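Asker: With the sequence up front, the predicted model follows.
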Amino acid sequence: MKHNKKSKKADFSKFLPMSLEEARQKGWDELDIIIVTGDAYVDHPGFGTSIIGRVLEDAGYRVGVIAQPKWEDAEDFKKLGKPRLFFAISAGNTDSMVSNYTPSKRLRHDDTYSPGNKAGLRPNRATIVYSNRLKEAYPDTPRVIGGIEASLRRFSQYDYWSDKVRQSILADAPADLIVYGMGELQILEIADKLNKGIPVSDITDIEGTVWKTDIKTWKEKHEELLKDRIEIPAYIEVSKNKELYAKAFKMVFEEQDHIRGHGIIQVHPKTVVIQNKPMRPLTQEELDHVYELPFTRETHPSYEEVVPALDLVKFSINTHRGCFGACSFCAIALHQGRMIRSRSIESILREAEGFRDINGFKGTINGLGGPSANMYGMDCKNWNEKGVCKDKICIYPKACPSLDTSHKKLIELMRRLRELPGISKVFVGYGVRYDLALLDEEYMEELCAHHVSGQLKVAPEHYCDNVTDVMKKPDREVFERFEQKYKEINKKLGKDQYLVAFLMSSHPGCTLNDMIETAEYIRDTGRYTRQVQDFTPTPMTSATCMFHTGIDPFTGKKIYVATSQKEKSIQRAMLHYKEPANYNLVYEGLKRANRLDLVGNSWNCLIGRKKRGNNGW
């Protein structure tokens, strides 16, 4: 896991400074903005810290990075001094609780966003901890929080790890503003206002941000603050009443559109949290510019060990942002939005050409896509004028006629990438939305012929239609049609390529009988897979709302939820019923469901009977 021994002449100049010495080498005696992050500093457009840092640097600001500071006291937060404008704080590319704990709430033993894959280099609830330490160190310096953790905890939210409803992170953290969503435009506007001498307390009008006011002001200016905003049930209400929690979630979800959305207000015991309407997405020209900033695609030279997360994406290309799938267990709809914003083909080609100058590139682009691999270039005729539909999902249960699902732009992009000198292979190994792919046989043939490296990873997530219905995923018949078409095309091409299916257990709506049915389907079809995960309730997804409340927030109907750790373990074990270590869990599950007919030695049994030994069965 170690780099080759660092040269004494390691070039720090291409990176944002992580020390005062590096800042002085740039001729800076003071930094304007300091980014504090829970991840290691990797200068790659797949890392939020790097994108925000490069965008600010490109605008002329002097930016430094404090990565994974020791948080027991404030000393490590002083290493770059006091910034002239503000601290920008992020837990990193993932929520810190997801980084630190498994779905069964056990401490993780590794962290792909840390040098050497080491766990324990970020605190639980990192955004709150970092904000507190920075307040201790520099109480008068503005603190702006952002990234996944802050963005998705901006209102009262169910917290799986404490099993309670927590306040907005802005009520818990001593911070001034939240930047939610993809924050390039917001962070530049904040920097410009502070640079003009506007107090942070007066920065209340930037779209895509959340600010707070005191209870007294709320009472005095109630009508004024509610203008063009809606009020959702207060923290006290949603923390005690699950019906109101579900109602509040639905209200928030429906306003996450920069065209038709409104601001949102939620009252907390000591503060009032006010979200401005969402910021518009970047234009194609702006998106091109961001991804063509001078990223080195390397870890900072101060690290002696590799950061594993970089290896996964180093030579991958992000082609677009947004996802109109809106799967229940995914928060992209509430973070990046449901509208697709695609880069130009020319910009993507320039990025690929730049790979040839990077040490270690061997001609293979190992990932091409965005939140999904094949939504590039897709659009809806209503998005620019009306925004996304409030009461419908673009592709569920089937594609809306207003949605352009053509893969023509993506096919052109893939062909032109293959033609570039020095590019030998372009793989799309994951993230293909197979219900979309089925609508375009030309795309599927192009994919199979040139862009699959032996196996293609897809995510049916479940094989019971009542569960995929709750997930807002395609049903089993759609997956089967895709699999059949995939096999036919590969046979025609003379290729031996496989599908790897990802499955999920314990999703809201999934009963023990559903998992047994899925296990039987796997047995009958030979679809046994290692790629299994237990549903983890993460902030601000509709599935997490269902997990906590037992209510579908969009229909108001009751829904079954496996909440006990024991049942979650049993459901997961059903997907790996062949594993000897899972025998007792599978047996218990079959007994609970009155399905001991599946225990025995006949062809259709999931597990055999244990032989009697000295210690009984």
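Answerer: Noted; the coordinates are in hand.
Asker: switch to C-alpha atoms for all contacts and neighbour counts from now on
Answerer: Noted.
Asker: Confidence-wise, which helix or strand of the protein is lowest on average?
Answerer: Lowest on mean pLDDT, DSSP states H and E among the helices and strands of the chain sits helix 332-335, with a mean of 88.
Asker: Name the next helix or strand following that helix along the chain.
Answerer: strand 341-342 (DSSP states H and E).
Asker: rewinding a little: what is the least confident helix or strand of the chain packed up against?
Answerer: Under the contact criterion of 3 or more CA pairs under 8 Å, 6 or more residues apart in numbering; DSSP states H and E, helix 332-335 touches helix 147-152.
Asker: on that earlier part again, not counting the least confident helix or strand of the chain itself, show me its contacts.
Answerer: 148, 151-152, 180-182, 253, 256, 322-324, 326, 338, 371, 540 (CA atoms under 8 Å, 6 or more residues apart in numbering).
Asker: Residue 405 is in contact with residue 378, isn't it?
Answerer: Yes - using CA atoms under 8 Å, residue 405 is in contact with residue 378, at 5.8 Å.
Asker: Quick check: pLDDT value at the closest residue to residue 42 other than its chain neighbours.
Answerer: Taking CA to CA, 6 or more residues apart in numbering, and ignoring the residues beside it in sequence, residue 42 has residue 299 as its nearest neighbour in space, at 4.3 Å. We have a pLDDT of 96 for residue 299.
Asker: I'd say residue 299 and residue 308 touch.
Answerer: No - the criterion here is CA under 8 Å, and residue 299 misses it with residue 308 at 10.2 Å.
Asker: count of residues packed around residue 99?
Answerer: Residue 99 has 24 neighbouring residues, counting by other CA atoms under 10 Å.
Asker: Where does it fall, secondary structure wise?
Answerer: helix 96-100.
Asker: residues in contact with residue 264?
Answerer: Counting by CA under 8 Å, 6+ apart, residue 264 touches 229, 230, 231, 232, 252, 274, 275, 276, 277.
Asker: Mind putting those residues into TSV with pLDDT and secondary structure?
Answerer: Conversion of these to TSV gives the following (pLDDT from 0 to 100; DSSP: H, G, I helix; E, B strand; the rest coil):
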residue	pLDDT	secondary structure
229	96	strand
230	97	strand
231	98	strand
232	98	coil
252	97	helix
274	98	strand
275	98	strand
276	98	coil
277	97	coil
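Asker: Neighbour-wise, which one of those leads?
Answerer: Most surrounded of these: other CA under 10 Å gives residue 275, at 29 neighbours.
Asker: partners of that residue in the sheet?
Answerer: Using DSSP bridges, the beta-bridge partners of residue 275 come out as residue 210, residue 264.
Asker: show me the contacts for it.
Answerer: 208, 209, 210, 211, 263, 264, 265.
Asker: 6 Å - rerun?
Answerer: Applying CA atoms under 6 Å, 6 or more residues apart in numbering to residue 275 gives the contacts 210, 263, 264.
Asker: What score does the last one have for pLDDT?
Answerer: Looking back up the chat, that one is residue 264. Residue 264 is given a pLDDT of 98.
Asker: same deal with the first one?
Answerer: Looking at residue 210, its pLDDT reads 98.
Asker: Surely it touches residue 178?
Answerer: Yes - contact criterion CA atoms under 6 Å: residue 210 and residue 178 qualify, at 4.9 Å.
Asker: secondary structure element for residue 351?
Answerer: helix 345-355.
Asker: Please point out which parts of that helix sit buried.
Answerer: Judged by neighbour count (16 or more other CA atoms under 10 Å), helix 345-355 contains these buried residues: 345, 347, 348, 349, 351, 352, 353, 355.
Asker: So the residue nearest to residue 98 when sequence neighbours are not counted, which state does it fall into?
Answerer: Nearest residue to residue 98, sequence neighbours excluded (CA to CA, 6+ apart): residue 538, at 7.8 Å. Classification of residue 538 using DSSP: H, G, I helix; E, B strand; the rest coil returns coil.
Asker: For residue 538, grab phi and psi.
Answerer: phi -110, psi 150 (degrees, to the nearest 10).
Asker: can you pull out the helices in the stretch 51-200 of the chain?
Answerer: 96-100, 126-137, 147-152, 169-172, 184-195 (DSSP state H, counting those that start in this stretch).
Asker: How about residue 95, nearest residue that isn't a chain neighbour?
Answerer: Residue 95 sits nearest to residue 149 (CA to CA, 6+ apart), 4.6 Å away.
Asker: do you know how far the one you found is from residue 37?
Answerer: Separation of residue 149 from residue 37 (CA to CA, to the nearest Å) stands at 11 Å.
Asker: Residue 18 too?
Answerer: 12 Å.
Asker: go on, residue 567?
Answerer: For residue 567, the distance to residue 37 - CA to CA - is 36 Å.
Asker: can you give me the strands in the stretch 101-250 of the chain?
Answerer: Under the criterion DSSP state E, counting those that start in this stretch, the stretch 101-250 of the chain contains strands at 143-146, 157-159, 164-166, 177-179, 209-213, 229-231.
Asker: Residue 577: which of those strands is closest?
Answerer: In terms of CA to CA, the element of the strands of the stretch 101-250 of the chain nearest to residue 577 is strand 157-159, at 30.3 Å.
Asker: so what's residue 297 closest to, chain neighbours aside?
Answerer: In space, and not counting its chain neighbours, residue 297 is closest to residue 44: 4.4 Å by CA to CA, 6+ apart.
Asker: Burial check on the one you found, number of neighbours?
Answerer: Residue 44: 23 surrounding residues under other CA under 10 Å.
Asker: just residue 162 next, same as before
Answerer: 9.
Asker: returning to what we had before: settle it for me: which of residue 567 and residue 37 has more neighbours?
Answerer: Using other CA under 10 Å as the criterion, residue 567 and residue 37 rank with residue 37 on top: 26 against 18.
Asker: now the more buried one: how far from residue 548?
Answerer: From residue 37 to residue 548 the distance is 29 Å (CA to CA).
Asker: can you pull the pLDDT of the residue nearest to residue 297?
Answerer: 97.
Asker: Same check on residue 4?
Answerer: Taking residue 4 on its own, its pLDDT is 43.
Asker: just residue 402 next, same as before
Answerer: Reading off the model, residue 402 has pLDDT 94.
Asker: Then residue 48?
Answerer: The model's pLDDT for residue 48 equals 96.
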